[in-house]
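Enquirer: Build the 3D model from these lines:
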Amino acid sequence: MYDFFKNNSYFLISIAAVPAAIFRWQIDEIFIVNIIGCFLIGFINALDISRKYKLIFGFGFCGSLTTFSGLSFELFEFINKGLYKLFVLNLIFFVFIGFFAVGFGHIVAKKTSV
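Expert: Prediction:
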């Protein structure tokens, strides 16, 4: 049984994905969870940890926490309502802020690592 938990990446990813999904559901704000997820993925990938932990926390936790479908739906709603300027501004805003959050997470991890 121990070998199953040790070698099964699917199980390990799901262990991190479940709390992230619950956290995501509790916040219920697409922008906030996406920015937190972007920061964490930058932070986790910059750490000198094993690939297994990067997979668990980066893919499992951050993948479950962030919501591309929610963002896409929100942007679709802007277009559906004829709010084209709001669509473009939000699209640019989300992408740039997310990009900078990844970079900031990377910098913080490098500065805090010994």
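Enquirer: so how many other residues sit close to I30?
Expert: Residues within reach of I30, counting by other C-beta atoms under 10 Å, total 20. Just so you know, the C-beta spots here come from the backbone N, C-alpha and C atoms, and that holds for glycine as well.
Enquirer: Does it touch G70 like I think?
Expert: Yes: the pair I30 / G70 is scored as a contact, 4.5 Å apart, by C-beta atoms under 8 Å.
Enquirer: Can you check which residues contact both of these two?
Expert: Residues touching both I30 and G70 (C-beta atoms under 8 Å, 6 or more residues apart in numbering): none.
Enquirer: Roughly how far does the nearest residue to Y84 once chain neighbours are set aside sit from G37?
Expert: Counting by C-beta to C-beta, 6 or more residues apart in numbering, the nearest residue to Y84 once its immediate chain neighbours are dropped is F78, at 7.4 Å. According to C-beta to C-beta, to the nearest Å, F78 stands 22 Å off from G37.
Enquirer: okay, these two: which has more neighbours?
Expert: G37 (24 against 17).
Enquirer: How about the contacts made by the more buried one?
Expert: With C-beta under 8 Å, 6+ apart, G37 has these contacts: C62, L65, T66.
Enquirer: Likewise for A20?
Expert: Listed by C-beta under 8 Å, 6+ apart, the contact set of A20 reads G60, F61, C62, G63, S64, L65.
Enquirer: What is the burial count for the fifth one?
Expert: Spelled out, that is S64. For S64, using other C-beta under 10 Å, the count is 21.
Enquirer: Just the pLDDT at F4, thanks.
Expert: As predicted, F4 sits at a pLDDT of 53.
Enquirer: Then the one 10 residues further on?
Expert: What the model reports for S14 is a pLDDT of 86.
Enquirer: What is the three-state secondary structure of it?
Expert: helix (DSSP: H, G, I helix; E, B strand; the rest coil).
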